[in-house]
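# Got a predicted structure plus its sequence, pasted below:
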Amino acid sequence: MATPGTHGRFLRADAGTGAAEAVPLAAGDLRAFVGGVGLGSLLLWRESRAGLDPLAPEAPLVFAGSPLVGTPLTTSAKFAVVAKSPLTGRISDSLSSSHFAIELKRAGMDALVVRGRAPRLSVLLVRDGRAEVRPCPELAGLPAQEAEDRIRAALGDPGVRAVACGPAGEAGVPLANLGNDGRHAGRGGLGAVLASKNLKAVAVRGTGSVPVADPDGVVAAARDLSRRSFGPATLKYRELGTVANVLVLNRLRALPSRNFQAGEFAEAERISGEALASSGKTRRASCASCTIGCEHYFTDASGAEGRMEYESLFALGPLCGVSDRDAVLRAGRLCDEVGIDTISAGGTVAFLMECRERGLLREPDLDGVDLRFGNADALLEALRRGAARRGPLGELVAMGSRRAAERIGGGSMDFAPQVKGLEIPGYHPSAMRTMALGLAVAARGADHNRSSAYEADLSEATDRGVSDPGKGLLAARAEVKAAVLDSLVLCKFLRGVFEDLPGETAALLRLVTGWDIDGPGLEEVGERVVNLRRLYNLREGMTRAEDTLPARFLDGEGGLGRESFAAMMAAYYSARGWSEDGVPAPGTLRRLGLGEFAPAGKEAIA
């Protein structure tokens, strides 16, 4: 009998044949990893072999929910997408909020694992545990949102929910994302993974339900959590959204500009969230099952509307030296339409702008595009060409900053804005040094979502401008906190409403599942997930050398300093229970029950 809140199984579906198999999930595995990023990482490990090409037909693409999905708990309608990244060669996991998560749960599965390759462009349709592959040549080249709408119309069922790639995914761009309900699973090239299976979309429809252990308790908790979600902890997200961060981070000299050459942008006020809202033509929206409503849509001078968040605004604005608010809105809409990650796209274009500034790119590389900082038209053209892999410039944009630096040479790797191949988000490492450590050690590459280390830098817990070993423990704790939320699939914007996040979220999980779990037990789940993701990367060839930052952030005036950075890293490894080479120690694996995942060459630990 399945645990309340779960089905106790995942569905393994073949994109080539439509064959589907319900595979049991052990209650112990669900208890150990819960769902979301945790469960998705477990299935990625077990459903693939070491060294597998991320775009191979047999490479798994995992969609994972959690016990909380389908309950009335606010922000719980989320799912994780997990795969090996074609951009980094390491684990990639993205969370997205949408009705797809609810339909996945209603369709009778805790997760869906997609493998194989369709003979031609198709949709994988899953209904109540049964799968079929439907050719869809008419959807080729469409944006994800339009493809979703057409799938529902063709099936005559408005309840069908889909996750789709845009034209960039079809072109095999390793920056391509996945779209669903207007939201995006953005980082690491997951859109290219879906398209490599000749799938335009995965569509799901379910008619079932899952009982919870304490229905009355869940309803009462949901009412209380919804009430608290309207409090001061979420006010910023409701009033202006994350674009409010621009002026705050600029004052802290932590707003990356001109490919991280500076932490301030002289024209920040022109591109700020307040400037975007100045026309008064904005609207607010919410994700599925969410009471916060952080989505903000802004209108440009032409009347065209676009959704904008801080990370997109920073990457397409200050990072590229662009201060034209309308141009940034157009660039954001373009990225959404073609289906590419805004952080990686903006980061790669900004890097190429600096390469041009330094004379490392010749005119034939630029295809006649005047790619310089502040040129909004050049930014838009570079994005268009990158999404289509058109011409020499398009190929450079499409491959991401690390691979572009490998091709360009000339010392450009020192300022390519990436970690493990993934472009750095909108926090300048020199100004936020706990975050800098968090970016360096993150499993999927430079990452602010799998670590809330910036919270420590913005608090009184540490001096954000000093490189000291105390930041090792802070970064380790931040990762565990993020892993807890990412496995429960609760939105991180909700974190501020909890006085005791692990204890209170464990109570929610108890109400749904009936598990005997408390705050420390849930923190152990988070620690287990962090370690499993590390073990996956080690299996795929990662070494300690990848836990670093570009030389720009380590050397010279304002840099973290290599010796100080090494001391921070050693403290982080110690806090994690890892060796000096960054490998989880036998005692750590034993304590977390991860013996079967011990690195190659070591015996399994009972």
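That came through, no problem. Numbering: from 1, shown residues only.
# pLDDT weak spots in the stretch 301-450 of the chain?
The stretch 301-450 of the chain contains no residues with pLDDT under 70.
# rerun that using 90 as the cut-off
Low-confidence segments of the stretch 301-450 of the chain (pLDDT under 90): 301-307, 363, 447-450.
# all helices of it, in order?
Assigned by DSSP state H, counting those that start in this stretch, the helices in the stretch 301-450 of the chain fall at 310-316, 325-338, 342-357, 363-366, 376-388, 391-398, 400-408, 433-441.
# Scan the helices and strands of this protein for the one with the lowest mean pLDDT.
strand 282-285 (a mean of 75; mean pLDDT, DSSP states H and E).
# Export only the CA atoms of that one, formatted as CSV.
C-alpha atoms of strand 282-285 as CSV (Å, rounded to 0.1, in the frame of the first residue of the first chain):
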residue,chain,number,x,y,z
THR,A,282,1.6,46.5,-15.4
ARG,A,283,-0.3,43.4,-14.2
ARG,A,284,0.3,40.7,-11.7
ALA,A,285,-0.2,37.0,-12.0
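# Give me the helices and strands touching that strand, please.
Strand 282-285 is packed against strand 295-299, with contacts defined by 3 or more Cβ pairs under 8 Å, 6 or more residues apart in numbering; DSSP states H and E. For every residue, glycine as well, the C-beta is placed using N, CA and C.
# and the strand it packs on, C-alpha only, in PDB?
Extracted C-alpha coordinates of strand 295-299, given in PDB (Å, rounded to 0.1, in the frame of the first residue of the first chain):
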ATOM      1  CA  GLU A 295       4.800  37.400 -11.600                       C
ATOM      2  CA  HIS A 296       4.800  41.000 -12.900                       C
ATOM      3  CA  TYR A 297       4.100  41.900 -16.500                       C
ATOM      4  CA  PHE A 298       5.400  45.200 -17.900                       C
ATOM      5  CA  THR A 299       4.400  47.100 -21.000                       C
END
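# Residue 451 against residue 482, yeah?
Yes: using Cβ atoms under 8 Å, residue 451 makes contact with residue 482 at a distance of 5.6 Å.
# what ranges do the helices span in the stretch 151-300 of the chain?
167-170, 190-196, 215-228, 235-239, 245-251, 268-271, 273-276.
# quick check: domain ranges of the chain?
The chain breaks down by automatic domain parsing into domains covering 9-205, 237-423, 434-597.
# Spatially central, which residue of this structure would that be?
Most central in the chain under Cα atoms, centre = their mean is residue 94, positioned 3.5 Å from the mean C-alpha point.
# ok, so what distance separates it from residue 183?
10 Å (Cβ to Cβ, to the nearest Å).
# residue contacts, residue 184?
94, 96, 177-178, 336, 339, 341 (Cβ atoms under 8 Å, 6 or more residues apart in numbering).
# Rebuild the residues you listed as JSON lines, extending it with distance to residue 159.
As requested, the contacts of residue 184 are arranged in JSON lines below (distance: Cβ to Cβ, whole Å):
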{"residue": "94", "distance to residue 159": "24"}
{"residue": "96", "distance to residue 159": "18"}
{"residue": "177", "distance to residue 159": "24"}
{"residue": "178", "distance to residue 159": "20"}
{"residue": "336", "distance to residue 159": "24"}
{"residue": "339", "distance to residue 159": "24"}
{"residue": "341", "distance to residue 159": "29"}
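# pLDDT value on residue 44, please?
We have a pLDDT of 98 for residue 44.
# Got phi/psi on it?
Backbone torsions of residue 44, given as degrees, to the nearest 10, read phi -60, psi -40.
# tell me which element the nearest residue to it once chain neighbours are set aside falls in.
Nearest non-adjacent residue to residue 44, counting by Cβ to Cβ, 6 or more residues apart in numbering: residue 82, 5.0 Å away. Using DSSP states H and E, residue 82 sits in strand 78-84.
# which is the next helix or strand following that strand?
Following strand 78-84 toward the C-terminus (DSSP H and E): strand 91-97.
# which residues touch the helix or strand following that following strand?
Reading on from strand 91-97 to the C-terminus, the next helix or strand found by DSSP H and E is helix 99-106. With contacts defined as Cβ under 8 Å, 6+ apart, helix 99-106 is touched by 7, 63, 65, 69-70, 77-79, 112, 159-163, 180-181, 204-210, 288-289, 489.
# change it to 7 Å
63, 65, 69-70, 77-79, 112, 161-163, 180-181, 204-210, 288 (Cβ atoms under 7 Å, 6 or more residues apart in numbering).
# Ok, stretch 345-354 next?
By Cβ under 7 Å, 6+ apart, the list of residues contacting stretch 345-354 reads 175, 259, 315-316, 319-320, 335, 361, 371-373, 379, 382-383, 386, 396-397, 400-401, 404, 415-417, 423-424.
# Recalculate using a threshold of 6 Å.
Residues outside stretch 345-354 that contact it (Cβ atoms under 6 Å, 6 or more residues apart in numbering) are 175, 259, 315-316, 319-320, 335, 371-373, 379, 382-383, 396-397, 400-401, 416-417, 423.
# ok, now stretch 239-248?
So stretch 239-248 is contacted by 236, 268, 272-273, 276, 294, 296, 308-310, 313 (Cβ under 6 Å, 6+ apart).
# Counting neighbours, which of the residues you listed comes out on top?
residue 313 (29 neighbours; other Cβ atoms under 10 Å).
# List the contacts of it.
Per Cβ under 6 Å, 6+ apart, neighbours of residue 313: residue 243.
# Next up, the contacts around the nearest residue to residue 74 once chain neighbours are set aside.
Spatially, and ignoring its direct neighbours in sequence, residue 74 is nearest to residue 291 (4.6 Å; Cβ to Cβ, 6+ apart). Counting by Cβ under 6 Å, 6+ apart, residue 291 makes contact with 74, 226, 229.
# Could I get these in TSV, plus columns for pLDDT, neighbour count and distance to residue 20?
What follows is the contacts of residue 291, written out as TSV (pLDDT from 0 to 100; neighbours: other Cβ atoms under 10 Å; distance: Cβ to Cβ, whole Å):
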residue	pLDDT	neighbour count	distance to residue 20
74	89	24	32
226	90	16	36
229	85	22	37
